[in-house]
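Structure for the following, please:
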Amino acid sequence: MHHNFLKEKLSEFSAFSDTELHEITSCFKVENYLKGQFIFEHNELISNVYLIQSGLVRLSYWSEDGKEHILSFAMEGWWETDFSAFYLGEQSRFTLYCMEDTQTSTLSLAEYHKLINKFPSLSRYFVDKSMRGHIANQRRIITLLSLNPTERYEAFLATYPALSQRISKTILASYLGVSRETLSRLSMT
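Below you'll find the model as predicted:
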């Protein structure tokens with residue numbers, strides 16, 4: 001599954017020969033995680049980016065008072081990591097937690113640099129993915145700043161209908177910045 005999944009994702013963006021695809025996919029490592037397992041935790045050095053092959057993860061920031069702030073979710077075909085820690089060699093400010101059993105195609109920073117130097121179209125692929133992620137984050141910030149709880153809930157359902165079926169109401173409430181009780185009222189209307 002690993003090579004086929006990865007080849008499919010890469011081929012959506014650019015045409016690679018079988019030889020090139022083999023060389024590219026050989027730089028990735030398949031990793032399996034169990035539901036409830038952390039892929040990484042706060043203060044760890046992060047040297048990998050993760051393409052989710054199967055499963056669901058959430059990236060969170062934990063405040064000093066012990067409150068979890070969910071930044072994002074990632075499911076099949078989505079990339080996730082603490083990008084600042086990954087790219088700049090810093091300790092992570094976040095945790096990456098498996099909400100389901102999860103399989104990833106994992107790429108180290110060293111392999112990332114090797115690949116983009118050898119295959120310039122991969123650099124464009126990663127820029128495209130980064131830009132799309134940046135756009136999604138900006139939209140989320142605007143949603144949190146400008147929409148009321150009902151509008152945030154409706155926007156989430158419209159944008160991520162499949163994801164809304166895979167996460168608990170408690171987790172969704174946290175992501176939306178509302179109480180569980182408020183979300184229950186919203187979901188009944």
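
Can you spell out the domain ranges of this protein, please?
With domains defined by automatic domain parsing, the chain comprises 2-129, 147-189.

any idea how far Y97 is from F119?
Distance from Y97 to F119, counting by C-beta to C-beta, to the nearest Å: 32 Å. (C-beta placed from N, C-alpha, C; glycine too.)

More neighbours: which of the two?
Taking other C-beta atoms under 10 Å, Y97 and F119 do not tie; Y97 has more neighbours (21 against 17).

returning to that earlier point: Serialize the domains of the chain to CSV and add fields for distance to R140 and mean pLDDT.
Below are the domains of the chain laid out as CSV (distance: least, C-beta to C-beta, whole Å; pLDDT from 0 to 100):
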stretch, distance to R140, mean pLDDT
domain 2-129, 8, 91
domain 147-189, 9, 87
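
any idea how far E44 is from S179?
In terms of C-beta to C-beta, S179 sits 31 Å off from E44.

which of the two has more neighbours?
The neighbour count for S179 versus E44, taken as other C-beta under 10 Å, is higher for E44 (16 against 13).

what's the nearest residue to the more buried one if we skip its chain neighbours?
S92 (5.1 Å; C-beta to C-beta, 6 or more residues apart in numbering).

so what's F94 up against?
Residues in contact with F94 (C-beta atoms under 8 Å, 6 or more residues apart in numbering) are 42, 59-61, 71, 82, 85.

Repeat the analysis, applying 6 Å as the threshold.
F94 makes contact with 59, 61, 82 under the criterion C-beta atoms under 6 Å, 6 or more residues apart in numbering.

Which strand or helix spans the second one?
Mapping Y61 onto the secondary structure by DSSP states H and E places it in strand 56-62.

helices or strands up against that strand?
Helices and strands touching strand 56-62, by 3 or more C-beta pairs under 6 Å, 6 or more residues apart in numbering; DSSP states H and E, are strand 68-75, strand 95-98.

could you pull out the helices for this structure?
Listed in chain order, the helices of the chain (DSSP state H) span 2-11, 18-25, 83-88, 109-118, 120-146, 149-159, 161-164, 169-176, 180-188.

Out of the ones you listed, flag the one nearest T102.
The closest of those to T102 is helix 2-11. By C-beta to C-beta, the value is 13.0 Å.

who's in contact with the closest one?
Outside helix 2-11, the residues touching it (C-beta under 6 Å, 6+ apart) are 21, 25, 30, 53, 105.
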